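1. generate a structure from the sequence data that follows.
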Amino acid sequence: MKVIHLGGQTADSNVEIPTGAVVAVGNFDAVHQGHVDLIWKARALARERKTPLAVLTFEPHPRRIFRPDDPPFRVTPLDLKVERLEKEGVEIVYVLAFDWNVAGLSAEEFIKNVIDKIKPVVLTTGEDFKFGHNRTGNLETLQAAGYEALVVPLKTDPQHGVISATRIRGLIQSGHIDEASNLLGWAWVIRGKVQKGDQRGRELGFPTANVPLNETIHPSYGVYATLVRIDDDAQWRMAATNIGIRPMFEVKTALVEAHILDFSGDIYGKTLEIMPIRKIRDEEKYESLDALIAQIEKDCLEARRILAKDLEPVA
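-> Residues are numbered from 1 along each chain as shown. Presented below is the predicted three-dimensional model:
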């Protein structure tokens with residue numbers, strides 16, 4: 001897969017921009033079933049036209065520019081988004097550096113400055129996609145500029161209506177990870193580098209691998225039964241994982257702390273994938289460290305019970 005950065009500090013002026021693809025356009029945060037439906041429609045066209053399949057997406061997510069004070073909300077930070085797109089057969093990802101200059105482009109200017117550079121043979125968008133300053137650009141704007149473009153209807157499920165990143169974010173924030181994963185069509189993960197912590201877990205007898213959430217959306221704080229994978233290891237390991245601020249110790253920044261069951265080893269600096277399977281309980285403040293240790297022991301037993309059925313996660 002080729003990842004082509006357009007504009008911004010990550011753009012490489014020495015890289016030739018590939019053109020002539022069928023291009024699906026959108027934010028694609030979550031790469032959920034609705035996004036996959038759009039991509040598959042584009043993939044069918046790409047095969048028909050014998051052209052590459054590409055996606056045009058935006059980084060950072062425009063919401064981060066327009067609402068900078070919002071808490072973290074990304075379901076799929078860029079590396080995870082690109083990985084999920086590749087799994088759906090996308091061959092080129094155009095990553096447009098989104099800033100106030102891009103936000104200020106009229107729809108016609110956006111076509112001239114962005115679309116004309118990648119020269120797509122066909123563009124596909126979701127029916128809710130708009131572009132350009134004040135969201136004035138749409139399907140008709142693209143067609144008027146001479147591009148073949150089509151809109152793919154939003155995907156719905158029988159129970160709850162439209163599948164959207166907003167809906168998935170709400171499920172994650174409320175701790176309903178299994179429902180979120182059902183809408184995604186893949187098992188949601190948190191990914192990050194293991195960093196050194198305050199060694200509190202080790203002192204309590206339950207050493208943890210600590211991963212910052214950064215821009216990843218924060219799930220409902222509490223203890224989860226999770227599966228974890230170290231780097232590209234094929235093995236998923238059971239873990240009891242706290243996600244939150246540890247009210248016993250008044251930590252200000254939320255953190256993922258995975259106690260990997262039946263494991264010991266130095267994994268500082270390695271990439272960890274944490275797959276929450278089910279929430280066990282909310283975070284609590286205990287009267288003593290002994291009470292906390294007793295609860296952690298119960299959490300580990302409960303995590304084992306839950307995860308005994310989930311050692312083969314959804315791809």
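2. for stretch 239-248, buried residues please.
-> Residues 239-246, 248 are the ones in stretch 239-248 that count as buried (16 or more other C-beta atoms under 10 Å). Bear in mind the C-beta positions are built from the backbone N, C-alpha and C, glycine included.
3. least confident of those?
-> Of all the buried residues of stretch 239-248, residue 248 carries the smallest pLDDT score, 61.
4. about what we covered before: turn the buried residues of stretch 239-248 into a markdown table, columns for distance to residue 116.
-> Converted to a markdown table, the buried residues of stretch 239-248 look like this (distance: C-beta to C-beta, whole Å):
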| residue | distance to residue 116 |
| --- | --- |
| 239 | 49 |
| 240 | 53 |
| 241 | 47 |
| 242 | 50 |
| 243 | 44 |
| 244 | 47 |
| 245 | 48 |
| 246 | 51 |
| 248 | 57 |
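5. quick one: the strands in the stretch 201-315 of the chain, in order.
-> 209-212, 222-230, 237-244, 255-260, 271-282 (DSSP state E, counting those that start in this stretch).
6. got phi/psi on residue 68?
-> phi -60, psi -20 (degrees, to the nearest 10).
7. for it, give me the pLDDT.
-> For residue 68, pLDDT reads 95.
8. give me every residue that touches it.
-> Contacts for residue 68 (C-beta atoms under 8 Å, 6 or more residues apart in numbering) come out as none.
9. show me how the record splits this structure into domains.
-> 2-166, 189-307 (automatic domain parsing).
10. nearest to residue 177, of those?
-> Closest to residue 177 of the domains of the chain, according to C-beta to C-beta: domain 189-307, at 4.5 Å.
11. quick one: end-to-end distance for the closest one.
-> Between the start and the finish of domain 189-307 there is a gap of 15 Å, counting by C-alpha to C-alpha, to the nearest Å.
12. how far off centre is it?
-> 19 Å (C-alpha atoms, centre = their mean, to the nearest Å).
13. repeat that for stretch 107-116.
-> That offset, for stretch 107-116, works out to 27 Å (C-alpha atoms, centre = their mean).
14. average pLDDT across it?
-> On average, stretch 107-116 scores 97.
15. ok, residues contacting it?
-> For stretch 107-116, using C-beta under 8 Å, 6+ apart, the contacting residues are 6, 56, 96, 102, 105, 123, 131-133, 136-138, 141-142, 145, 147.
16. before we move on, back to that, possible to save the domains of the chain as JSON lines with distance to residue 172?
-> Output for these, formatted as JSON lines (distance: least, C-beta to C-beta, whole Å):
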{"stretch": "domain 2-166", "distance to residue 172": "7"}
{"stretch": "domain 189-307", "distance to residue 172": "5"}
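17. so which of those gets nearest residue 179?
-> That would be domain 2-166 among these, by C-beta to C-beta, at 9.3 Å.
18. what's the end-to-end length of the closest one?
-> 28 Å.
19. related to what we said a few turns ago, make a markdown table from the strands of the stretch 201-315 of the chain and add distance to residue 51 to it.
-> Below are the strands of the stretch 201-315 of the chain laid out as a markdown table (distance: least, C-beta to C-beta, whole Å):
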| stretch | distance to residue 51 |
| --- | --- |
| strand 209-212 | 39 |
| strand 222-230 | 35 |
| strand 237-244 | 42 |
| strand 255-260 | 41 |
| strand 271-282 | 33 |
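20. closest one to residue 86 among the ones you listed?
-> strand 271-282 (16.0 Å).
21. show me what that closest one is packed up against.
-> helix 177-184, strand 190-193, strand 209-212, strand 222-230, strand 237-244, strand 255-260, helix 289-307 (3 or more C-beta pairs under 8 Å, 6 or more residues apart in numbering; DSSP states H and E).
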